[in-house]
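**Student:** sequence and predicted structure are below.
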Protein chains: 2
Amino acid sequence: MPTLLVLDAEPPPRLGKLTGRARIEHADASTLAERLPSADVLLVWDFTSHAVRAAWPGEGPRPRWVHTASAGVDHLMCPELAASDTVVTNARGIFDQPIAEYVAALVLTMAKDLPRTWELQRERTWRHRESQRVAGTRACVVGSGPIGRAIVASLKALGITTALVGRTPRTGIHGPEDLDRLMARADWVISAAPLTEQTYGMFDARRFGVMQPSARFVNVGRGQLVVEDALVDALDKRWIAGAALDVFEREPLTPDSPLWQVPNLIVSPHMSGDVVGWRDELGSQFVELYERWEAGRSLPNVVDKQRGYVPGH
Amino acid sequence: MPTLLVLDAEPPPRLGKLTGRARIEHADASTLAERLPSADVLLVWDFTSHAVRAAWPGEGPRPRWVHTASAGVDHLMCPELAASDTVVTNARGIFDQPIAEYVAALVLTMAKDLPRTWELQRERTWRHRESQRVAGTRACVVGSGPIGRAIVASLKALGITTALVGRTPRTGIHGPEDLDRLMARADWVISAAPLTEQTYGMFDARRFGVMQPSARFVNVGRGQLVVEDALVDALDKRWIAGAALDVFEREPLTPDSPLWQVPNLIVSPHMSGDVVGWRDELGSQFVELYERWEAGRSLPNVVDKQRGYVPGH
């Protein structure tokens, strides 16, 4: 019976279905290195943990398959894992529509000035303002995977003209060489790229500098895509009109983080894709993949370990 | 030259185009009764004023045409105006898409728990929560005019299953007899009906009582459609999960109104349709109608004065 090692903080749902078909063991950061060599499969359930990078056994015995219950794989990739013949899969598909809805919520919230409405409600103050029409505005969505494409679909449904930017230009997708030009004319810049060497810190002072003063920035990808100090500076100096961050360089944000109180910045706790039932869906997806693996069939959602994401169609 | 009397608090834009073609006079609540008999056309620019009701001259000389820069006509209709041969037109079309976007913003905001995100941001607290997927939920939209239909279109674009309720059942539109049944299974009940004798207070304790505990209510129609005390009670008792009001029985809300602090209630200051440029659009629309009237052509947007709205297609 294969050994399935689960890196978790709380037990994943749906694994009961594998009773008698996998020897399920659990590990945390302190026990992972010791248990990894004897595992056939590693399920990275705790996607906030960077323990895999530290514990990966290099040349020695190791899992043949690693699955992460997340879209991004930046928290587990290391050169040794990338160089090995271990297959890595991700939770592709689970978060697409929820994140797309979340981005639509943020865009509409900012257009309709709801944060200010809240403040005024707290202050018991009736103050009529004009708000923005979103139909006819322009968005630049960075990240051409299923999440980025779902975001494009939901923004288009609101009448927003969208441009999608990916690593490799192809039909309907711009290459990185178009990014500055597209950002310069966008009303909304949406960051939904995977975190890789190429994308680390891509939203920096220069890029915020090309945006329109009326434009707004949203990050639902990974915190490290954004140079946070540069964003705060861009907001302070009114280079851009607003921003919303769901992900951060260091999570969770601590109470003393200056980000909580930056004017025109919405801060949310890495929750954009997490709709009711998400853990259950992630568990079911893993069980489905396990059954394919057990049967010797090919796995979907296989990550290109050099690029750091599942290559697109 | 016809006399155009404008009931306003601030001068409407675009009337300069009528120079030499209309004698433009202005009135406020105190001078309206005196000036109405000599006016050929009345433009009700201040749609918050109820002065027309009080000042309407009855049998005597009166404007042949009254235009209101609003979708609703409840603020100006009175039995004498309804009985007269004076034509009443409204601002049909201007607010449809902006209000539909505003409703989508409120629905997504509530589904994604953004009000709580704000509170937690103020408190510098990182607290992950699960939010709701809106695709696949059900909405019941009350009011089958262009605003209600635009709301249906924008909710459908988000993957929400919608039912539309109007005064008269017809293809794609339910009659009032279906309302309770539709409200009972809706996740979102959206009020966008005109205020008439039939709709006054239609959202009362009994109707909030049939809603699901997880459902939410949004009013972008007129405040008097809702029995506010009954809504507050329904929220207090958790009969429903949340509500958003953009319109109120008495506007503006005063600082001592209890509505500002009802848990799970979003209060906004009658701004749902007012996107940047709205006054300009209202002015242009009136000038266009004036040119048709001046040329003796038939007017669009003619209100059925008995029903209190522009009859639909």
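**Tutor:** That came through fine. Numbers count the residues shown, from 1 in each chain, chains lettered A, B, ... in the order given.

**Student:** can you list contacts of stretch A:17-29?
**Tutor:** With contacts defined as CB atoms under 8 Å, 6 or more residues apart in numbering or on different chains, stretch A:17-29 is touched by A:1-9, A:11, A:15, A:35-36, A:39, A:41, A:49, A:51, A:54-55, A:287, A:290, A:294. C-betas here are computed from N, CA, C, even on glycine.

**Student:** residues of the stretch 51-200 of chain A that sit close to chain B?
**Tutor:** Contact residues (CB under 8 Å from any CB of the partner chain) of the stretch 51-200 of chain A with chain B: A:97-98, A:101-102, A:104-105, A:108-109, A:111-112, A:114-115, A:117-118, A:120-122, A:124-135, A:154, A:157-159.

**Student:** can you tell me the closest non-neighbouring residue to residue A:82?
**Tutor:** The shortest distance from residue A:82 to any non-neighbouring residue, by CB to CB, 6 or more residues apart in numbering or on different chains, is to residue A:305 (4.2 Å).

**Student:** any chance you could map the helices in the stretch 201-313 of chain A?
**Tutor:** Using DSSP state H, counting those that start in this stretch, the helices of the stretch 201-313 of chain A run over residues A:205-210, A:228-236, A:278-294.

**Student:** same thing with the stretch 1-150 of chain A?
**Tutor:** A:32-35, A:51-55, A:79-83, A:96-111, A:114-122, A:146-157.

**Student:** any idea how far chain B is from residue A:212?
**Tutor:** Look at residue A:212 and chain B: by CB to the nearest CB, to the nearest Å, they are 15 Å apart.

**Student:** which residues does that residue contact?
**Tutor:** Under the criterion of CB under 8 Å, 6+ apart, the neighbours of residue A:212 are A:184, A:185, A:186, A:187, A:240.

**Student:** same question, residue A:12
**Tutor:** A:6, A:43, A:45, A:69, A:279, A:282, A:283, A:286.

**Student:** JSON lines please, covering these and showing pLDDT and neighbour count.
**Tutor:** Shown next, in JSON lines, are the contacts of residue A:12 (pLDDT from 0 to 100; neighbours: other CB atoms under 10 Å in any protein chain shown):
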{"residue": "A:6", "pLDDT": "98", "neighbour count": "21"}
{"residue": "A:43", "pLDDT": "98", "neighbour count": "27"}
{"residue": "A:45", "pLDDT": "97", "neighbour count": "23"}
{"residue": "A:69", "pLDDT": "97", "neighbour count": "23"}
{"residue": "A:279", "pLDDT": "96", "neighbour count": "17"}
{"residue": "A:282", "pLDDT": "98", "neighbour count": "24"}
{"residue": "A:283", "pLDDT": "98", "neighbour count": "20"}
{"residue": "A:286", "pLDDT": "98", "neighbour count": "26"}
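
**Student:** for those residues, which one is nearest chain B?
**Tutor:** residue A:279 (8.5 Å; CB to the nearest CB).

**Student:** and the closest one, what does it touch?
**Tutor:** A:12, A:13.

**Student:** can you map out the strands along the stretch 151-300 of chain A?
**Tutor:** A:161-165, A:188-191, A:216-219, A:242-245, A:265-267 (DSSP state E, counting those that start in this stretch).
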